[in-house]
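Asker: Only the shape, not the letters, is given here:
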């Protein structure tokens with residue numbers, strides 16, 4: 001009997017040690033992880049293939065923030081903004097990153113897309129020297145490169161600003177529209193007097209010693225808009241938000257966590273350095289320092305009001321091409337849950 005008891009105790013100890021070793025060396029959690037992750041709902045996110053949003057997506061996947069939040073992230077890269085928009089409209093993806101003006105145009109056509117804002121309006125007019133803005137309006141016609149086309153938001157904002165300041169922009173600046181990297185090449189070669197580009201290309205200009213002579217914030221405040229504009233964010237159909245509310249909120253939570261990681265942990269930047277495509281250490285550190293400044297920090301009724309003011313500025317400039325058939329501001333352009341979710345993040 002004693003021998004039997006000893007044998008049973010030995011078996012129990014062996015089982016106990018096996019389980020403990022499994023937890024210590026990660027064997028048991030991996031088995032559980034494999035079983036549960038395969039059963040999680042999948043969220044398909046469309047992103048620009050070389051966009052900065054890929055940094056955030058990489059953080060989510062690397063740290064398994066999707067699994068920890070109860071879903072599985074599937075990132076689908078696209079070559080252009082239009083391609084990602086088509087993917088959303090066809091149902092190939094559930095959500096994309098784009099701006100509020102795309103949402104406005106869709107809503108004017110009866111398509112109920114909404115925006116969960118995450119990125120604010122940034123940038124400005126860059127020049128090779130620290131000249132004052134007046135030097136661009138000194139009587140000579142100068143050239144300015146614009147990355148976003150004739151209805152680029154900051155280009156239109158500059159037109160509104162110039163008008164408010166009493167300048168006739170066309171008499172002073174001749175716009176040249178081109179792709180972002182090409183504009184930077186022109187600037188570095190001295191073939192442009194100024195440029196309006198996307199933030200990560202502006203960061204490269206700063207790293208090369210160029211300067212912002214007219215920030216977006218200055219143009220906005222001069223036009224009476226003193227609150228950040230919630231310009232870009234996650235866009236999806238209202239029906240998807242209703243039917244998959246838990247999945248969507250889980251993704252937004254993971255997105256916030258990833259942005260905090262990038263904003264607060266320098267070691268995370270070392271890990272994703274290859275994704276930034278930085279040409280040198282100066283560019284890399286400039287991108288790192290500028291990134292937090294692109295992120296929206298709050299979203300309340302004040303930010304909604306600021307958006308309405310911006311629409312009023314653009315009505316006489318971009319018109320239907322930028323805003324859609326109905327150029328009046330639709331407050332439902334933003335997701336109904338957005339303000340509450342932002343409040344919970346504070």
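Answerer: Perfect, I can see it now. This is a predicted model, so every value here is computed, not measured.
Asker: could you pull out the strands for the stretch 101-250 of the chain?
Answerer: 113-120, 124-127, 142-146, 173-177, 194-196, 211-215, 230-237 (DSSP state E, counting those that start in this stretch).
Asker: Mean pLDDT for those - can I get that in TSV?
Answerer: Formatted as TSV, the strands of the stretch 101-250 of the chain follow (pLDDT from 0 to 100):
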stretch	mean pLDDT
strand 113-120	98
strand 124-127	94
strand 142-146	94
strand 173-177	93
strand 194-196	95
strand 211-215	93
strand 230-237	97
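Asker: can you tell which of those is closest to residue 163?
Answerer: With CB to CB, the closest approach to residue 163 among these belongs to strand 173-177: 12.8 Å. Any C-beta I mention is one placed from the backbone N, CA and C, and that applies to glycine too.
Asker: Tell me the helices and strands packed up against that closest one.
Answerer: Secondary-structure packing of strand 173-177 (3 or more CB pairs under 8 Å, 6 or more residues apart in numbering; DSSP states H and E): strand 142-146.
Asker: contacting residues for residue 97?
Answerer: When contacts are counted by CB atoms under 8 Å, 6 or more residues apart in numbering, residue 97 touches 46-48, 51, 53, 84, 232-235.
Asker: Which helix or strand contains it?
Answerer: For residue 97, the host element (DSSP states H and E) is strand 95-99.
Asker: That strand to strand 230-237, inter-axis angle?
Answerer: 150 degrees (axes from the mean of the first three to the mean of the last three CA atoms, to 10 degrees).
Asker: so what strands line up beside strand 95-99?
Answerer: Applying DSSP bridges, strand 95-99 is found paired with strand 42-48 (parallel), strand 230-237 (antiparallel).
Asker: if we can go back for a sec, could you point out which of the strands of the stretch 101-250 of the chain sits nearest residue 59?
Answerer: For residue 59, the closest of those is strand 113-120, at 14.0 Å, according to CB to CB.
Asker: same for that closest one, what does it pack against?
Answerer: helix 100-108, strand 230-237, helix 238-243, helix 245-264, helix 338-345.
Asker: Quick one, which of these gets closest to residue 312.
Answerer: When those are compared by CB to CB, helix 100-108 sits nearest residue 312, at 13.1 Å.
Asker: circling back: what's the most buried one of the strands paired with strand 95-99?
Answerer: strand 230-237 (a mean of 23; mean count of other CB atoms under 10 Å).
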